[in-house]
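>>> Pasting the sequence and the predicted model now:
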Number of protein chains: 2
Amino acid sequence: MSTWSAVASAAPRDRMRGERAERAEQLDASGVETPESPFGVTVDVAVLTVRHGQLAALLVERKYEPFRFRWALPGGFVRVDEELEDAARRELAEETGLVLGPKRSPRGVPSHLEQLRTYGAPDRDPRRRVVSVGYLAMIADVPRPEAGSDAATARYWAASDLCLPRLGQRRGTKLAFDHAEILADAVERARAKLEYTTLATAFVDETFTLGELRRVYEVVWGEELHEANFRRKLLSTPGFVEPTGTTAPTDGRPAQLFRNGGATTLHPPILRG
Amino acid sequence: MSTWSAVASAAPRDRMRGERAERAEQLDASGVETPESPFGVTVDVAVLTVRHGQLAALLVERKYEPFRFRWALPGGFVRVDEELEDAARRELAEETGLVLGPKRSPRGVPSHLEQLRTYGAPDRDPRRRVVSVGYLAMIADVPRPEAGSDAATARYWAASDLCLPRLGQRRGTKLAFDHAEILADAVERARAKLEYTTLATAFVDETFTLGELRRVYEVVWGEELHEANFRRKLLSTPGFVEPTGTTAPTDGRPAQLFRNGGATTLHPPILRG
DNA sequence: ACAAAAGTGTTTTGTCTACACCCATGT
DNA sequence: ACATGGGTGTAGACAAAACACTTTTGT
């Protein structure tokens, strides 16, 4: 088949690669001294939340070149003995003061962190080769810490104000590096995950009304949902939500409060238009 | 809220980090001389195909320590000026002779390559810190090149013979490094993607019968599908498959041949049990 | 009384499932 | 003739969408 077509010509060429390639192969898949070494490895965290009826992302203003004064995702270098996810949590805390809950608490704290994908275009940093592991965090809209924080330059931006590029495109905006692309991927991932997981609950408080949860879906997806059917769908999905027995006041009739049930994935998913 | 709880104590501590941290911050998100530099960056490719009625993965036998004589995913170091995906294609071609088709041909060659996720546990390589970007390739079951290839040690393994770990687990098998974990993630991703994309066509030839496509689903998911309903579902999904007008002989009545339509994602998805 | 949002009932509409059956070929 | 897989028809189960309506609060 065509997939194998280049084999005949590739094999002889490979054999002529010479000694340098031979030596690199001995060290393959993690050699000690290779010419391919001078990589920087960073993490960048796209923190999404729902604020004031809009999907929003947490950004920090850069203090130094390149992209000085431009807005960027919180992130930075991974330490040599550090797990990637730990690096993401640490950088997020250092640059924004935001400390995410533990990895997996029994009932699920209203915060979620997952790996998005890795961005490694050779020219994504103007100075040297840096490969960045992108992370997506979804958190409830909790008030920012007022004072005493070292994260004075961190703030939320409405996703719609950032002119994010379409999927797969590189062309940026006001954001530093390729962070607009990362953020666009994060938004797309979040949209998709609401369909087949219970992660919408990461965007609300530990207890919440079904109205609040529905508004999360509406804001993230940008479309209205039928209230009555949404309610039925959620209540009929085992483990999605669990009543607390308490109620919360609203502009109308008080609403029952729920918390996250044990479920994480949805079979079948909730479908959007 | 609790998510912000550690802020009050974290802020003063951060201020006491001293000059070293300050300097690292100046170089943040891609500094030139940091102590965090000595990372290796590799790619590892999990090539999946359907052979002899089984889901199979393409592995290579390691020639050198560590994990000498153990089976591993094809992969290796990313070059300094190389795109990650290009590195994946190059290493795959070098180590197995398999040359994947172009990124996006109009009708879609029967091969698919996508980033899986990045594996960066500090101890995943016994020698030094190596971060590996995992890739998933899905290809049709084309015959291996016979001779003249430098990939004498490459062969397919049935996924069921590899004792892959459950999702999220680290514990390995006969495979080198954490490659069993990567492969398990690859299989899980492939299973999921058959539900909401047209990627099943990546596992078959450029033209195929609906029976062949159905057997792909059955093998990957490990469950039987109702033939008649499968047919209706596919034909009613616009752009999934497109008749070629030709037929292929079978053990019974000859079957119509189809090719991939333009569609890539499925709304609504095909659901498995 | 009215607005506003929560919550329930019911009808309609479509889609998934299962079973029955016909079609076209090789032996 | 019959085995084998391709392909079509159709009735029932089930879930989603749409509409109407009741409930409980604040003003």
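Done, it's in.

>>> Does A:L100 touch A:S111 like I think?
Yes: using CB atoms under 8 Å, A:L100 makes contact with A:S111 at a distance of 4.7 Å. The C-beta positions use only the backbone N, C-alpha and C, and glycine is treated the same way.

>>> which one of the two has more residues nearby?
The neighbour comparison of A:L100 against A:S111 (other CB atoms under 10 Å in any protein chain shown) goes to A:S111, with 23 against 20.

>>> Excluding residues flanking it in the chain, which one is nearest the residue in chain A that DNA strand C sits nearest to?
Going by CB to the nearest atom of the strand, DNA strand C is nearest to A:G211 of chain A, at 2.0 Å. Distance criterion CB to CB, 6 or more residues apart in numbering or on different chains; nearest residue to A:G211, sequence neighbours excluded, is A:A255 at 5.8 Å.

>>> I figured A:L225 hits A:Y217, correct?
Yes: because the distance of 5.7 Å satisfies CB under 8 Å, A:L225 is recorded as touching A:Y217.

>>> More neighbours: the two, which one.
Set A:L225 next to A:Y217 and count neighbours by other CB under 10 Å: A:Y217 wins out with 22 against 17.

>>> so what's the more buried one up against?
A:L194, A:A200, A:L225, A:F230, A:I270 (CB atoms under 8 Å, 6 or more residues apart in numbering or on different chains).

>>> and it, what element?
A:Y217 is located in helix A:210-221, with elements delineated by DSSP states H and E.

>>> Could you do A:G245 as well?
strand A:241-248.

>>> quick check, whichever helix or strand comes after that strand touching DNA strand C?
Using DSSP H and E, the helix or strand that directly follows strand A:241-248 along the chain is strand A:255-260. Yes: counting by CB under 7 Å from any atom of the strand, DNA strand C is contacted by strand A:255-260 at A:A255, A:Q256.

>>> Checking the residue minimising distance to the centre of chain A next. Helix, strand or coil?
Central residue of chain A (CA atoms, centre = their mean): A:L136, 1.2 Å from the mean position. Look at A:L136: counting by DSSP: H, G, I helix; E, B strand; the rest coil, its state is strand.

>>> partner residues bridging it?
A:A46, A:E114 (DSSP bridges).

>>> Please report how far the closest residue to DNA strand D within the stretch 151-273 of chain A lies from A:H226.
Distances between the stretch 151-273 of chain A and DNA strand D by CB to the nearest atom of the strand are smallest at A:R253, namely 2.8 Å. Relative to A:H226, A:R253 is positioned 18 Å away (CB to CB, to the nearest Å).

>>> Measure how far the helix holding A:Y217 is from the centre of its chain, please.
Chain-centre distance of helix A:210-221: 19 Å, with CA atoms, centre = their mean, to the nearest Å.

>>> Now it: average pLDDT?
Mean pLDDT, helix A:210-221: 98.

>>> domains of chain A?
What automatic domain parsing lists as the domains of chain A is A:40-193, A:198-260.

>>> Minimum distance to B:R155: which of those domains has it?
domain A:40-193 (28.6 Å; CB to CB).

>>> Was I right to think A:R215 contacts A:Q54?
No: between A:R215 and A:Q54 there is no contact under CB under 8 Å: 10.8 Å.

>>> between those two, who's got more neighbours?
With neighbours defined as other CB under 10 Å, A:R215 and A:Q54 compare such that A:R215 has more, 18 against 15.

>>> How about the contacts made by A:E218?
A:E224, A:L225.

>>> contacts for the strand holding A:G245?
Contacts for strand A:241-248 (CB under 8 Å, 6+ apart): A:201, A:207, A:209-210, A:213, A:234-235, A:254-261.

>>> which two from the residues you listed end up farthest apart in space?
A:P254 and A:G261, at 21.6 Å, using CB to CB across these.

>>> that older thread, top of the contacts of strand A:241-248 by neighbour count?
A:T201 (27 neighbours).

>>> helix, strand or coil for that residue?
Applying three-state DSSP: A:T201 is helix.

>>> how much space between it and A:L210?
Counting by CB to CB, the gap from A:T201 to A:L210 is 11 Å.

>>> A:L84 too?
36 Å.

>>> next one: A:E94
37 Å.

>>> what does A:A72 give?
In terms of CB to CB, A:A72 sits 36 Å off from A:L210.

>>> for DNA strand D, what are the nearby residues on the stretch 151-273 of chain A?
Counting by CB under 7 Å from any atom of the strand, the residues of the stretch 151-273 of chain A near DNA strand D are A:H226, A:A228, A:N229, A:K233, A:S236, A:P249, A:D251, A:G252, A:R253, A:P254, A:P268, A:L271.

>>> Going by neighbour count, which of the residues you listed comes out on top?
Top of these by neighbour count (other CB under 10 Å): A:K233, with 16 neighbours.

>>> And the strands in chain A, which stretches?
A:40-51, A:54-61, A:71-72, A:75-77, A:111-119, A:130-139, A:154-158, A:207-208, A:241-248, A:255-260 (DSSP state E).

>>> of all those, which lies closest to B:V131?
Going by CB to CB, the one of the strands of chain A nearest B:V131 is strand A:40-51, 5.4 Å.

>>> Keeping just the C-alphas, turn the closest one into PDB.
The C-alpha atoms that make up strand A:40-51 are tabulated as PDB, following Å, rounded to 0.1, in the frame of the first residue of the first chain:
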ATOM      1  CA  GLY A  40      13.500  24.000  28.000                       C
ATOM      2  CA  VAL A  41      10.400  22.300  29.500                       C
ATOM      3  CA  THR A  42       7.600  24.400  30.900                       C
ATOM      4  CA  VAL A  43       4.000  24.100  31.900                       C
ATOM      5  CA  ASP A  44       1.300  26.600  31.100                       C
ATOM      6  CA  VAL A  45      -2.100  26.500  32.800                       C
ATOM      7  CA  ALA A  46      -5.300  27.700  31.300                       C
ATOM      8  CA  VAL A  47      -7.600  28.300  34.300                       C
ATOM      9  CA  LEU A  48     -11.200  28.600  33.200                       C
ATOM     10  CA  THR A  49     -14.100  29.700  35.300                       C
ATOM     11  CA  VAL A  50     -17.600  31.200  34.800                       C
ATOM     12  CA  ARG A  51     -17.900  34.800  36.000                       C
END
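
>>> does that strand come close to DNA strand C?
No: on the criterion CB under 7 Å from any atom of the strand, strand A:40-51 is out of touch with DNA strand C, staying 14.9 Å away.
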